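Chemist: generate coordinates for the sequence data below:
(4 chains)
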2 protein chains.
Amino acid sequence: MPSAHRPRERSLSTIYDVARLANVSPATVSRVLNDRSDVNPEMARRVRASVEMLGYRPNSVARNLRRRVASVWALIISDIENPHFTALVRGVEDVASSNGYSVVLCNSDEELGKERSYIDVALAERMAGVVISPSSDRDSAIGPLLDAGVPVVTIDRRLRNSPVNSVVVTNKKGAQEATRHLLDGGYRRVACITGPTRTTTASQRLAGYRAALSEAGVEHDPSLVAVADYKEAGGAEATRTLLALPEPPDALFVANSLMTMGALGWLTEAGVSIPDQVGLVGFDDLPWARLVHPRLTAVAQPTYDLGRTAAQMLVERASDPGSPVRGVTLPTRLVVRDSSLR
Amino acid sequence: MPSAHRPRERSLSTIYDVARLANVSPATVSRVLNDRSDVNPEMARRVRASVEMLGYRPNSVARNLRRRVASVWALIISDIENPHFTALVRGVEDVASSNGYSVVLCNSDEELGKERSYIDVALAERMAGVVISPSSDRDSAIGPLLDAGVPVVTIDRRLRNSPVNSVVVTNKKGAQEATRHLLDGGYRRVACITGPTRTTTASQRLAGYRAALSEAGVEHDPSLVAVADYKEAGGAEATRTLLALPEPPDALFVANSLMTMGALGWLTEAGVSIPDQVGLVGFDDLPWARLVHPRLTAVAQPTYDLGRTAAQMLVERASDPGSPVRGVTLPTRLVVRDSSLR
DNA sequence: GTGAAAGCGCTAACAC
DNA sequence: GTGTTAGCGCTTTCAC
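Modeler: Residues are numbered from 1 along each chain as shown, chains lettered A, B, ... in the order given. Below you'll find the predicted structure:
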């Protein structure tokens, strides 16, 4: 990792330049810039004029060093190409900006190494808070953040053994309803394609699938469970494997939208008719779910609220670091369309 | 904008703590941490052991203040929910990380105000570079970045009147091919739904559409051009308006994928048959384009390369600030599927 | 090769 | 109210 970091060429003006031009002390400039009331209006006017004239922009690096904390949050999501995660962003951003914070996004790509390096960045840059969808329920390295007293909230997924706030959805229940819906529709061999089992969403959705089977008195066939990577290609590959089974499934419950897209693509190209030969239900409802053929039945999640709630918990935690750890669970809703109705 | 920023509770160890424990000077610790060769191996060993023991993490804020530049890039994209922009991210990230930089994403949401505030953040945090898809070709406020000597590259879109590197695709040519394809297929009244005209992509794609019409000797009917917002709802609304025309179009060229999705959704719900009653071609090819019904004809873009190239130009610019301003244009490719073939 | 010391630009005591 | 001053944690001359 070469780092060709070199200082800037032109130098920006500092608070001292402004102070000199306005004929006041740097402290007064600082007071004006931070909207502190106890400044003579005439001085304040002069300061603002000087700021304008010099095109002065405060150096947050110096400010953060002095204040010991930046006014930026990191939002570390596990897959930038998954629309579910990008939809969360707005909810977080809205709450952040109304509380005076900026949000920077970091894409961990389901890789613990990248996740860790972004946690390092957040810590090293002294960011004011971190919202993270952890790539692993055990190995995510948020310890240093907690040690440093940085407010942390996990979103979409939980952490085991870590005392942090979290916002998730009813993963098990949603998966159970989806699977039950397939069984109720007369499908007999329902398979499940889930995600990396080190994520709580994957394990909970799998648990919901299993619960629906036993509730219906259907014997659980382990060969009908495939573990993939939450990505499109993984979903396609898992579908191929499942359909190649001696006794292939007649329905698929797929644990996220990208894998559902993969499954749908593979089935379509293989000429498997949906919902007749194979029924299909995915977790995550997205705009294109009603545009594909057949229109997809899916478990819808309140993504904006997920983001909003996580952000609110972060604000709460920042203002009262001693507040008890909470876990919020938001409801999912099964949206029935054509892919599961034969 | 309240800002409830308060200092951290627990305090992290500093370079002085490490120095004391290792029985060396802070300068030596700094040398070890920055991999400078001229340090006694035994001392280096002691330093590393102390770092380990204390769980010491360098404070980048202090480091950046001293070095006058951070090792982070800002990637300011205009719509986090547009898969085209999220696909760019990987290309930028890969090049960044192999050059020792981290990337933080900022979502400007096509709003100049948000864009400006993220530019402020990038500047205030002394970030090492900025890759931006400007929300406006004239009013984007990158001036302060250039004044400060921050390397800037625009991606996907260009800026008029600003001497900055840029990476774009053959917008006009791609749009022209798409429109020509519709005309060649026998469609006579081809409409165009474009994006905010203050973006170079929207104006170039519109220009390509017009070029194809005149090339084919088709008279240009201004009522067949709709300007929308590059978002799904806007595409649906524009489609509704166009189809309500006394002489409605028999084909649509739509300037981005989200609006194409909106158009497809509206047409489907209105019972308009594609491609028979109305032909449809979109700009941007996405995974779901082949899964929808009918399968979408689209102009494909080399998104990963777009990101990669922009990042490479940023590296180049950082190492040689005096290098001439360049504009790179990458090729698009028309992918013909069912939505345009009757 | 190593350490002492200055200083990056800001904020917050503290003195007036 | 306003100014003086110290210091946030690091890097980097400059002596040795």
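
Chemist: now the stretch 151-300 of chain A against DNA strand D: closest residue?
Modeler: Per C-beta to the nearest atom of the strand, residue A:151 is where the stretch 151-300 of chain A lies closest to DNA strand D, at 18.5 Å. C-beta coordinates here come from the backbone N, C-alpha and C atoms, glycine included.

Chemist: now do that residue against residue A:28, distance only.
Modeler: Distance, residue A:151 to residue A:28, using C-beta to C-beta, to the nearest Å: 32 Å.

Chemist: close to chain B, is stretch A:119-127?
Modeler: Yes: Stretch A:119-127 comes into contact with chain B (C-beta under 8 Å from any C-beta of the partner chain), by way of A:120, A:121, A:123, A:124, A:125, A:126.

Chemist: quick one: mean pLDDT over that stretch.
Modeler: Taken as a whole, stretch A:119-127 has a mean pLDDT of 92.

Chemist: if I pick the residue of the stretch 151-300 of chain A closest to DNA strand D, what's in contact with it?
Modeler: Neighbouring residues of residue A:151 by C-beta atoms under 8 Å, 6 or more residues apart in numbering or on different chains: A:128, A:129, A:130, A:314, A:317, A:318, A:321.

Chemist: surely residue A:85 is in contact with residue A:79?
Modeler: Yes: Residue A:85 is in contact with residue A:79 according to C-beta atoms under 8 Å; the separation is 5.8 Å.

Chemist: pLDDT weak spots in the stretch 51-200 of chain A?
Modeler: By pLDDT under 70, the stretch 51-200 of chain A contains no weakly predicted segment.

Chemist: quick one, strands of chain A?
Modeler: For chain A, the strands defined by DSSP state E cover A:72-77, A:102-107, A:129-132, A:152-155, A:165-169, A:190-194, A:225-227, A:251-254, A:279-283, A:297-300, A:327-330, A:333-335.

Chemist: which one of those strands lies closest to chain B?
Modeler: For chain B, the closest of the strands of chain A is strand A:102-107, at 3.6 Å, according to C-beta to the nearest C-beta.

Chemist: what's the angle between that closest one and strand A:72-77?
Modeler: Angle, strand A:102-107 to strand A:72-77, by axes from the mean of the first three to the mean of the last three C-alpha atoms, to 10 degrees: 30 degrees.

Chemist: who are the contact partners of the residue of the stretch 201-342 of chain A found nearest chain B?
Modeler: Nearest residue of the stretch 201-342 of chain A to chain B: residue A:293, at 3.3 Å (C-beta to the nearest C-beta). Residues near residue A:293 by C-beta under 8 Å, 6+ apart: A:268, B:291, B:292, B:293.

Chemist: mind running it again at 6 Å?
Modeler: Taking C-beta atoms under 6 Å, 6 or more residues apart in numbering or on different chains as the criterion, residue A:293 is in contact with residue B:293.

Chemist: with residue A:15 instead?
Modeler: Counting by C-beta under 6 Å, 6+ apart, the residues that residue A:15 touches are A:26, A:29.

Chemist: how about the helices in chain A?
Modeler: With DSSP state H as the criterion, chain A has helices at A:15-22, A:26-33, A:41-54, A:60-67, A:83-98, A:112-124, A:143-147, A:171-184, A:200-215, A:232-243, A:257-269, A:303-319.

Chemist: which residues touch the last one?
Modeler: Around helix A:303-319, the neighbours that count as contacts under C-beta under 6 Å, 6+ apart are A:87-88, A:91-92, A:95-96, A:99, A:129, A:131, A:151, A:153, A:155, A:165, A:167, A:328, A:330, B:4.

Chemist: quick check: ChimeraX command selecting the buried ones in those residues.
Modeler: In ChimeraX, this line selects whichever of the contacts of helix A:303-319 come out buried by 16 or more other C-beta atoms under 10 Å in any protein chain shown:
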select /A:87,88,91,92,95,96,99,129,131,151,153,155,165,167,328
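
Chemist: out of the strands of chain A, which one sits most buried?
Modeler: strand A:251-254 (a mean of 30; mean count of other C-beta atoms under 10 Å in any protein chain shown).

Chemist: what are the pairing partners of that one, and which direction each?
Modeler: Note on strand A:251-254: by DSSP bridges, its sheet partners are strand A:190-194 (parallel), strand A:279-283 (parallel).

Chemist: in CSV, list these along with distance to DNA strand D.
Modeler: Supplementary listing: the strands paired with strand A:251-254 in CSV, determined by distance: least, C-beta to the nearest atom of the strand, whole Å:
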stretch, distance to DNA strand D
strand A:190-194, 42
strand A:279-283, 43
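
Chemist: so what's residue A:279 up against?
Modeler: Neighbouring residues of residue A:279 by C-beta under 6 Å, 6+ apart: A:182, A:187, A:251, A:340.

Chemist: among the strands paired with strand A:251-254, which is nearest residue A:221?
Modeler: Among the strands paired with strand A:251-254, strand A:190-194 comes nearest to residue A:221, with 8.5 Å by C-beta to C-beta.

Chemist: now do the closest one against helix A:171-184, angle only.
Modeler: Interaxial angle of strand A:190-194 relative to helix A:171-184 (the same axes, to 10 degrees): 150 degrees.

Chemist: quick one: strand A:190-194 to chain centroid distance?
Modeler: 23 Å (C-alpha atoms, centre = their mean, to the nearest Å).

Chemist: same check, this time on stretch A:186-201
Modeler: Chain-centre distance of stretch A:186-201: 21 Å, with C-alpha atoms, centre = their mean.

Chemist: picking that back up, adding distance to residue A:221, write the contacts of residue A:279 out as JSON lines.
Modeler: Shown next, in JSON lines, are those (distance: C-beta to C-beta, whole Å):
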{"residue": "A:182", "distance to residue A:221": "15"}
{"residue": "A:187", "distance to residue A:221": "13"}
{"residue": "A:251", "distance to residue A:221": "13"}
{"residue": "A:340", "distance to residue A:221": "20"}
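
Chemist: which one of those is nearest residue B:211?
Modeler: Relative to residue B:211, the closest of these is residue A:340; by C-beta to C-beta it sits at 46.2 Å.

Chemist: who's in contact with that closest one?
Modeler: A:182, A:185, A:275, A:279, A:281, A:297 are the contacts of residue A:340 under C-beta under 6 Å, 6+ apart.

Chemist: straight-line length of stretch A:246-254, end to end?
Modeler: End-to-end distance for stretch A:246-254: 20 Å, by C-alpha to C-alpha, to the nearest Å.

Chemist: what of stretch A:335-342?
Modeler: Start and end residues of stretch A:335-342 are separated by 16 Å (C-alpha to C-alpha).

Chemist: then stretch A:20-39?
Modeler: Stretch A:20-39: ends 17 Å apart by C-alpha to C-alpha.

Chemist: tell me the mean pLDDT over it?
Modeler: Rounded mean pLDDT across stretch A:20-39 is 92.

Chemist: how about it: buried residues?
Modeler: Neighbour counts over stretch A:20-39 (16+ other C-beta under 10 Å) mark A:20, A:21, A:22, A:24, A:28, A:29, A:30, A:31, A:32, A:33, A:39 as buried.

Chemist: ok, the residue of the stretch 201-342 of chain A closest to chain B to residue B:338 distance?
Modeler: 11 Å.

Chemist: cool, and residue A:28?
Modeler: According to C-beta to C-beta, residue A:28 stands 69 Å off from residue B:338.

Chemist: now do residue A:220
Modeler: The value you get for residue A:220 to residue B:338, if C-beta to C-beta is used, is 41 Å.

Chemist: got it, and residue A:266?
Modeler: 19 Å.

Chemist: of the two, who's got more company?
Modeler: For residue A:266 versus residue B:338, neighbours defined as other C-beta atoms under 10 Å in any protein chain shown are more numerous around residue A:266 (20 against 16).

Chemist: wait, doesn't that one sit right on residue A:241?
Modeler: No: counting by C-beta atoms under 6 Å, residue A:266 does not reach residue A:241; the two are 10.1 Å apart.
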